[in-house]
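>>> Structure for this input, please:
(chains A and B)
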Amino acid sequence: MSGTRATLLERVRDPRDRAAWDEFFALYAPLLEGYARASGLARNDAEEVRDQCLEVLARKLPEFEYERARGSFQAWLHRLARGKVIDHLRAQKVRKRESVALERLDAREPGPDEQWEREWRAEHLRYALALVRRDEPEERFRAFELLLLEELSVAEVAARTGLQATQIYKLKATLLKKVRAVLERLGTGA
Amino acid sequence: MGAAGVPSANTSETASAPVPPRAAPILERVSAACPSDEALAEMAAERPAEVAAEPGAAPAELAAHLAGCAGCRARLAELRGDAALFAELRAAVRPAGGTPAIPGYRLGAELGRGGQGVVYRAEQLATGREVALKLLGGRTASTARERRRFEREIELGARLVHPGIVTVFDGGVSDGSAWCAMELVEGETLEAHVSRTRPALARKLALFLELCAAVAHAHRAGVLHRDLKPSNVRVDAAGRVRVLDFGTALAFEGGAARRRLTAPGEFVGTLAYASPESVAEGSEACDARADVYSLGVVLYELVTGALPIDVRGSLAQVVERVTHAEPVPARRRVPGLARGLEAILARALAKDPARRYASVEALARDLEAFRAHRPLEARPPGPLAALALALRRHWRAAGIAAGVLLAGAVLAGDALRARLAAGRERDRAALVRTVFEDVLAAAAPQRMGGDAPLRDVLALAASEIERELAGAPDVQAAVRFTIGDTYRRLLMPREAAEHLRAALARHREAGTGGLELARCLDALGGALSELGSPEAIPLQEEALALRRARLPAGDALVAASERALAVALLAQPRDVDFERARDLLRSALATQERVHGPEHAEVAETELALWRVERSDGPADETRLARALAILERPENARDPRRLAALTELSLLRQLQGRLDEAERLLARVEALAQELYGDELATDLLRRQANLRFARGDLRGAEELTRRALVAELRAWGRRRPDETAALEEVATRLETAQWPARLPPYVEAFRHLRRFEGDGAYELAGWMNGIVVTLAPVGRHEESEALLEEALNIRCRAWGSDCPIRQRTLELLAEARLAGGRSGEARAPLEESIAIAERRGEPGSAADARRLLAGTVEAERP
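Model (predicted):
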């Protein structure tokens, strides 16, 4: 392991690596919450599901047997999250309201779940972008953001920000490369 | 990641090693022909038009170049990868797939979802301020008519400016989707706030009234909400109520019922808050009273924690219930809920709008009236209720304790008043009972069965009146005092103490002072003295100080306090300040002889107390006791409860003197008198004292019988005090009552365990119970347990009774027997020797001989 940087997933097997754990949580908390919300839970319940899953992660990860294939961890986390979501939906149903969401979720087999896959990928991307943003000078990132969110053309962005078109192209390529590097480092988002 | 590594134009990514000088010119020539990164990038992104301006960049030429240039092909592939990633990033980071762009706003993170649509954090580009932007879901405002209607609603909503209403800034329709931008309120929903902070009723009502104020404001401006429910109500960081979504409820698609059907998962939940007319006929049929209904449901939920209508089952069933079924009465969910509040809820939740409050203002007005104990629109008071209300408002003039009795007298007529004047103890209690019963019966006809014991009536009265009088501590103090005092007269100091404590707490809360406070302190101190609690002393000190400050030196009340303090001092199990007690009593006696005359019961009581003080110095002559008894045996004192106390005292004395027959005769008189004065509700104390007497005489069977009765009664009394344990205690009591030996033993042990828990270790009364248990353990051979209990009982008894009483002697003998039976004859000698010593000191050769024989037995047992 010395010499090559281990992926985040590998690093969290050491409970003493606080930095790794902080990052891990920062990545997966929104993912879990987003998934719970998308499954039909209200914000408080989604937060609870998130916290419950994180707790399990904290306990189990150090001994987690995983192969390098990311599908293994992703699938495991999916099963965990899904189970908690179902528990909550069921409890809601008992409390007072009917829940169509529960029927929807229950009916589906625990197989490939588009919702989950989408959320998984999306969350990793969001996280990676946030990291890149943090390390990048603001004007440069803003240019990138304008391209990304406002869908402006390079020429338009150049006009708004005062950067050269050439610079913008390079900027875009660089930042994308950085995003890729983060994803690799996480080890689970590719 | 460092800044280094940004590739410069036109170098291949793969050329990381320094290039040998000879190759450079060649590479330059070759790469000059390659299209720029930009061109390739645009091509990768499939926007060839963008680069058409560049030389050599026309699509056909590019394609040709690529065919021959591996470097550029590689770059293109990479750039295509970039483009794909870029697209993915964009999708991930944007609020939601397919969200329309709203001109003038940049959408941020999603804040929440509701039945109507999704709310996002957004930035208003013109001003830079953060707002909440709600996208009303679905293509539902597609016709011009709908759009106009929506815009009109937004306009109306935007005109509402009120601290309780979330302001709407802007709204419109983009791409068929309706949206509105409003003030961003950080805070939690009302539901979350309440479950987190668990506020008291008063605070809940305050929050609700804020909500009413906001809705009422909107109504005055001509805007109905039509979708009031807890999720539309926020509580911000400052604790203020904010209402959301005015005017947007009816943005499109007409009837609320129809709209809701499009989101079935949400539907049933919101139905609970929808007024019957809106469910049956649609929102067009609604006016302000529909909002009143919704508010009623919110209030109901706040107060009871549940919905008035059952929302389980199919849609059709729930609709049926909302439109026709009566809501579950609030008092059924919260027993003891104030009637006024229940009436308000019933009125707000009436099915027929004509029978509801006509406006939100009317609802708020009635709630305010409820808080202020004024008559309600919802519940015009009957005569008793009006009287009660008047008493509450004007109690100072009436003096509430008298007021309650007065109310009773008013209700019960002259006959009772006459009996009250006659002063018979039992009748006074009966009158109190009648008053409370009447007050309660008016309130809860089914709850008071005819024969409920007085304790239960009093307990019920306490809780009922407490609730009705919440917010008026001075009035509560007076009522609690009355109840506590009644218990005292019934020889139930523990219950008395409970209520008197509450009375004292309320007095402190209300800032009462002076003689009234002194009276309460005195009563509580008295009850605590009877329980042997050291807490009595500071209370009596305070009472005495208050009275001395306000009354002349020779006043009877001052004397009463002096005596009460002395009694409290004497009631301590140890470290008794006899000197002080003596001084106080002497002072009290002097006053009382002067004020009441030398033959008065007050004098007798003080003499009794002085006698106890003197006895502590050693065997005392009985002069004082005799004098006290002489006074109390006079015919005019026939019904004075102090006669009871004096006789008991004498019986105890005889017991201590070993004159057990006399002691028993006296106790029998006490019992008869108590029966006459107090009816069947004898204190367990009396039973226990009798049991002890039997035990001292060696009548173990008799002692056990009485102990059992006392224990059963005590368990049941505790059961009444602790509603959560009533069933368990009752079970033990019943088993104890009905089981035969040896099955009786386990419930004894269990009963004892409970008592120990309730009384606390080392409490004086515990010793008495221990005795009873020991008595039962010995015959069945449970010697070790016997022994442990006996030792403890001995310790407690030593502190309280002094070392030479027959009970102690007997206990020592039992201890010795237990040890002998357990095979530890060596250890049996010490208690036996002590027992012999006691017997000799008391001049009882008979018992001494018995003990010696036992001692000889141990010596025998020790011989090999």
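>>> Report the central residue of chain A.
A:Glu123 (2.6 Å; Cα atoms, centre = their mean).
>>> Quick check: which element contains it?
According to DSSP states H and E, A:Glu123 maps onto helix A:114-135.
>>> Contacts (any at all) between chain B and that helix?
Yes. Helix A:114-135 is in contact with chain B by Cβ under 8 Å from any Cβ of the partner chain, via A:121-123, A:125-126, A:129, A:135. Placement of C-beta: from N, CA and C, glycine included.
>>> count of residues packed around the residue of the stretch 351-500 of chain B found nearest chain A?
Per Cβ to the nearest Cβ, B:Lys351 is where the stretch 351-500 of chain B lies closest to chain A, at 21.2 Å. Around B:Lys351 sit 18 other residues, with neighbours defined as other Cβ atoms under 10 Å in any protein chain shown.
>>> can you give me phi and psi for it?
Dihedral pair for B:Lys351: phi -70, psi -40, per degrees, to the nearest 10.
>>> ok, residue 126 - contacts?
Went with chain A since none was named. Residues in contact with A:Arg126 (Cβ atoms under 8 Å, 6 or more residues apart in numbering or on different chains) are A:30, B:92-93.
>>> think we crossed wires, I meant chain B
B:Gly104.
>>> B:Gly514 too?
B:546, B:550.
>>> B:Ala372: neighbour count?
10.
>>> B:Cys72 too?
Applying other Cβ under 10 Å, we find 22 residues neighbouring B:Cys72.
>>> Which element, helix or strand, includes it?
According to DSSP H and E, B:Cys72 maps onto helix B:70-93.
>>> Show me which residues of that helix are buried.
B:71-72, B:75-76, B:78-80, B:82-83, B:85-86, B:89, B:92 (16 or more other Cβ atoms under 10 Å in any protein chain shown).
>>> repeat for stretch B:590-608
Neighbour-count burial for stretch B:590-608 [16+ other Cβ under 10 Å]: B:591-593, B:600-608.
>>> Buried subset of the residues of helix A:114-135 next to chain B, written for PyMOL?
To isolate the buried subset of these in PyMOL, counting by 16+ other Cβ under 10 Å, use the following:
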select buried, chain A and resi 121+122+123+125+126+129
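>>> so which of the residues of helix A:114-135 next to chain B comes closest to B:Leu632?
A:Glu123 (88.2 Å; Cβ to Cβ).
>>> Distance check, the nearest residue to the closest one once chain neighbours are set aside against chain B.
Distances taken as Cβ to Cβ, 6 or more residues apart in numbering or on different chains place A:Leu31 nearest to A:Glu123, at 3.7 Å, with adjacent residues excluded. For A:Leu31, the distance to chain B equals 11 Å [Cβ to the nearest Cβ, to the nearest Å].
>>> A:Leu31 and A:Leu147: what is the separation?
25 Å (Cβ to Cβ, to the nearest Å).
>>> Out of the buried residues of helix B:70-93, which are close to chain A?
Contacts with chain A within these, counted by Cβ under 8 Å from any Cβ: B:79, B:82, B:85-86, B:89, B:92.
>>> quick one: the helix holding A:Glu123 to chain centroid distance?
Chain-centre distance of helix A:114-135: 4 Å, with Cα atoms, centre = their mean, to the nearest Å.
>>> That one - what's its average pLDDT?
With pLDDT averaged residue by residue, helix A:114-135 scores 79.
>>> what's the next secondary structure element after it?
By DSSP H and E, the next helix or strand past helix A:114-135 is helix A:138-149.
>>> same for the helix holding B:Cys72, what does it pack against?
helix A:114-135, helix A:138-149, helix A:165-186, helix B:37-44, helix B:59-68 (3 or more Cβ pairs under 8 Å, 6 or more residues apart in numbering or on different chains; DSSP states H and E).
>>> Direction-wise, compare it with helix B:37-44 and give the angle.
On the basis of axes from the mean of the first three to the mean of the last three Cα atoms, to 10 degrees, helix B:70-93 is oriented at 60 degrees to helix B:37-44.
>>> can you tell me which residues contact B:Ala192?
B:Ala192 is in contact with A:Asn44, counting by Cβ under 8 Å, 6+ apart.
>>> before we move on, what SS does it have?
helix (DSSP: H, G, I helix; E, B strand; the rest coil).
>>> And for B:Tyr120?
Put simply, B:Tyr120 is strand when judged by three-state DSSP.
>>> Next: B:Gly108.
Strictly by three-state DSSP, B:Gly108 counts as strand.
>>> Check the nearest residue to B:Ala350 once chain neighbours are set aside and give its pLDDT.
Leaving aside its chain neighbours, B:Ala350 sits nearest to B:Arg356 (4.6 Å; criterion: Cβ to Cβ, 6+ apart). If you check B:Arg356, the pLDDT there is 91.
>>> Counting neighbours, what do you get for B:Arg356?
Using other Cβ under 10 Å: B:Arg356 sits among 22 other residues.
>>> With B:Val311 as the reference, measure out to it.
Distance check for B:Arg356 against B:Val311: by Cβ to Cβ, it reads 21 Å.
>>> Alright, I will stop here.
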